[in-house]
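Q: Attaching a predicted model along with its sequence, questions to come.
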Amino acid sequence: MGIETFLLKGMEKLLSHFLSGKIPIVLCISVLVLSASACSKDNNNSGNSNNSGGNSSSTDSGGTYSQSNGTATLMSKTYSSSEIDLSAVKVTGGTLTLSNSKISSTGNTSSTDNSSFYGLNAVILVYASSGSAVINSSGNTVTSSGKGANGIFAYGSGASSTTTGDKFTMTGDGGHAIMCSGGGTITVKNDTAVTSGGSSSTIATDRGGGTITLTGGVYTANGNNSATIYSTGKITCTDATLVANGAEALVIEGSNSITLNNCAVKCTYSKWGSLIYQSMSGDANGADGYLTMTGGSFTYTGTKGGMFYNTNSTAYITLNGVTLNNSCDTLVRCIKGSWGGSSASSGGITYFVAKGQTLSGLIYVDASSKAYITLSSSSAFTGAIDKAKAAGTLTLTLDNTSIWTVTGTSYINGAISGLNISNSTVSNIVGNGNNVYYLSSANSALGGKTYNLSGGGQLIPN
């Protein structure tokens, strides 16, 4: 029986008793007023949320919200948590649609590892240990100040979330804005996210990986050791602005990827612009990292490390029509780094492919490492290659539309191919008075001969 029917029958009985003289008129009027007020209050509360599906199970404490199944829609709500390890909104089953609300957390985590691996203490958490759990978030303001308080987190292969037009502000250490692990999935559209704590990459995956697909928006990492994107999974961004002020802009760990389409990337911290590596921490399997950038721009204002740095992994770096602004003297650095101990003795292996690119800087490869450089589709590279004559292996491939302008003595100890040679002069290497030395045994087609370089300098067998 609905409340309106219940109250109507009650008022009918009350009127009958009044007419028979059993109760005074003052008491009758008071009860009628209270009944009308209760009915009005019930009707007013029903407008801000809707729980549909007969098996819906949710708890709204007024401070936090949790849901284990069914379907719910919430709007214009305020949820906040100040307790340790407690999410303001948590969905472990079913589907929640949450919009135009304020969600916040000031509590700390009891385990930074569990916050990064499983979403413990996240402000908004969608967690699926089995089955499926979904959160569709839009137009929300999400803030946190506690340690390990990630903004929105999806854990488990059955966990997925969409976030559209949300605003994230995380100030505590270990507080990433948008994060998934264990195979979770997040789709992002036109969000704004800022993190300022240490180890608080704005967009991230962790142990077990996950998939983040992002379109539009502005994402900024200000904290120490906080990249804009840290991938131990598959992260794709399109038409986004990505800024890092306290670490490299882009990090790929293990056999994982970052794909950027028409994005504006900027790194202002003097360390390196991007990092592809294997830390050997167990957070990411494999050692094949893929960084693919098409269109857009990449600006590195730092003066150390290099724009692209690879160590203890095999890096596949492909640039296609990206505007590069590099303040560092080094474009590519491929060396043995500090990760992995003795297992890092192989250094790095870098496959660097430039298509329709304008590039500048040194290509530095140490004795533990290998690099395979390809310039194609009218690419123009200005710089020196293996100036220190230190590379374990280094090869260069040019097509007949691409040019290398040499800025210092260079060494190619592997195959060098695609040269435009006419009358003993190489036209697609501009020497500017600098010499390039090649390994005769790796370049039989060159016949062990010396060739002139356009603009002065020579290509000399070594």
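A: Arrived safely, thanks for sending.
Q: need the contact list for Asn245.
A: By C-beta atoms under 8 Å, 6 or more residues apart in numbering, the contact set of Asn245 is 220-222, 268-269. Quick note: C-beta positions are derived from backbone N, CA and C, even for glycine.
Q: Take the residues you listed and keep only those in strands.
A: Using DSSP state E, the subset of those located in strands is 220-221.
Q: which one of the contacts of Asn245 sits closest to Lys77?
A: Thr220 (26.7 Å; C-beta to C-beta).
Q: Surely that closest one touches Val194?
A: Yes: counting by C-beta atoms under 8 Å, Thr220 does reach Val194; the two are 4.8 Å apart.
Q: Spell out which residues are contacts of both of these two.
A: Common neighbours of Thr220 and Val194, using C-beta under 8 Å, 6+ apart, are Thr202.
Q: neighbour-wise, which of the contacts of Asn245 leads?
A: Within the contacts of Asn245, Ala221 tops the neighbour count with 34 neighbours, counted by other C-beta atoms under 10 Å.
Q: Compute the distance between that one and Asn136, please.
A: Distance of Ala221 to Asn136, given as C-beta to C-beta, to the nearest Å: 25 Å.
Q: Same question for Gly94.
A: Taking C-beta to C-beta, one finds Gly94 at 12 Å from Asn136.
Q: quick one, which of those two is more surrounded?
A: Gly94 (22 against 17).
Q: wait, the more buried one sits on Ile135?
A: No: counting by C-beta under 8 Å, Gly94 does not reach Ile135; the two are 9.8 Å apart.
Q: Just the mean pLDDT for stretch 400-411, thanks.
A: The pLDDT scores in stretch 400-411 average 97.
Q: my bad, stretch 74-91
A: Here stretch 74-91 scores 98 as its mean pLDDT.
Q: measure it end to end?
A: Start and end residues of stretch 74-91 are separated by 13 Å (C-alpha to C-alpha, to the nearest Å).
Q: One more: stretch 118-133?
A: 14 Å.
Q: tell me which residues of that stretch are tucked away?
A: 118-128, 133 (16 or more other C-beta atoms under 10 Å).
Q: could those go into CSV alongside distance to Ala264?
A: As requested, those are exported to CSV (distance: C-beta to C-beta, whole Å):
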residue, distance to Ala264
Tyr118, 33
Gly119, 29
Leu120, 33
Asn121, 32
Ala122, 28
Val123, 27
Ile124, 27
Leu125, 30
Val126, 29
Tyr127, 33
Ala128, 34
Ala133, 34
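Q: would you list the residues you listed in CSV and tack on pLDDT and secondary structure?
A: Shown next, in CSV, are these (pLDDT from 0 to 100; DSSP: H, G, I helix; E, B strand; the rest coil):
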residue, pLDDT, secondary structure
Tyr118, 98, helix
Gly119, 98, coil
Leu120, 98, coil
Asn121, 98, coil
Ala122, 98, coil
Val123, 98, coil
Ile124, 98, strand
Leu125, 98, strand
Val126, 98, strand
Tyr127, 98, strand
Ala128, 97, coil
Ala133, 98, strand
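Q: Tell me what Ile385 is bridged to.
A: Using DSSP bridges, the beta-bridge partners of Ile385 come out as Ile363.
Q: what's near enough to touch Val142?
A: 103-104, 123-124, 151-152, 166-169.
Q: any idea which element it lies in?
A: Using DSSP states H and E, Val142 maps to strand 141-144.
Q: what about the stretch 101-250 of the chain, any weak spots by pLDDT?
A: Across the stretch 101-250 of the chain, nothing is flagged by pLDDT under 70.
Q: And for the stretch 301-450 of the chain?
A: 339-346.
Q: which among the buried residues of stretch 118-133 gets closest to Thr213?
A: Of the buried residues of stretch 118-133, the one sitting nearest to Thr213 (C-beta to C-beta) turns out to be Val126, at 15.6 Å.
Q: I figured the closest one was touching Gly158, is that so?
A: No: the pair Val126 and Gly158 does not pass the contact test of C-beta under 8 Å, sitting 9.4 Å apart.
Q: So what pairs up with Thr185 in the strands?
A: Going by DSSP bridges, Thr185 forms beta bridges with Ser160, Thr211.
Q: From Phe153, how far off is it?
A: Separation of Thr185 from Phe153 (C-beta to C-beta): 12 Å.
Q: Comparing the two, which residue is more hemmed in?
A: It is Phe153, of Thr185 and Phe153, that has more neighbours when counted by other C-beta under 10 Å, with 34 against 21.
Q: Dihedrals phi and psi, that one?
A: For Phe153, the backbone dihedrals (degrees, to the nearest 10) come out as phi -140, psi 130.
Q: For beta bridges, what are the partners of it?
A: Legend: beta-bridge partners of Phe153 under DSSP bridges are Leu125, Met179.
Q: contacting residues for it?
A: With C-beta under 8 Å, 6+ apart, Phe153 has these contacts: 119, 122, 124-127, 176, 179-181, 184.
Q: Make TSV from these and add distance to Val436 to it.
A: Shown next, in TSV, are those (distance: C-beta to C-beta, whole Å):
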residue	distance to Val436
Gly119	53
Ala122	54
Ile124	56
Leu125	56
Val126	55
Tyr127	57
His176	45
Met179	46
Cys180	47
Ser181	47
Gly184	49
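Q: Quick check: the farthest pair among those residues?
A: Top of the distance list for the contacts of Phe153 (C-beta to C-beta): Tyr127 and His176, 15.7 Å.
Q: Ser441 belongs to a helix?
A: Yes: using DSSP: H, G, I helix; E, B strand; the rest coil, the assignment for Ser441 is a helix.
Q: can you give me the helices for the stretch 101-250 of the chain?
A: 112-118 (DSSP state H, counting those that start in this stretch).
Q: Hmm, Asn312 and Met280 touching each other?
A: Yes: the criterion here is C-beta under 8 Å, and Met280 meets it with Asn312 at 7.4 Å.
Q: more crowded one of these two?
A: Asn312 (27 against 16).
Q: where's the more buried one relative to Asn136, distance?
A: Distance, Asn312 to Asn136, using C-beta to C-beta: 39 Å.
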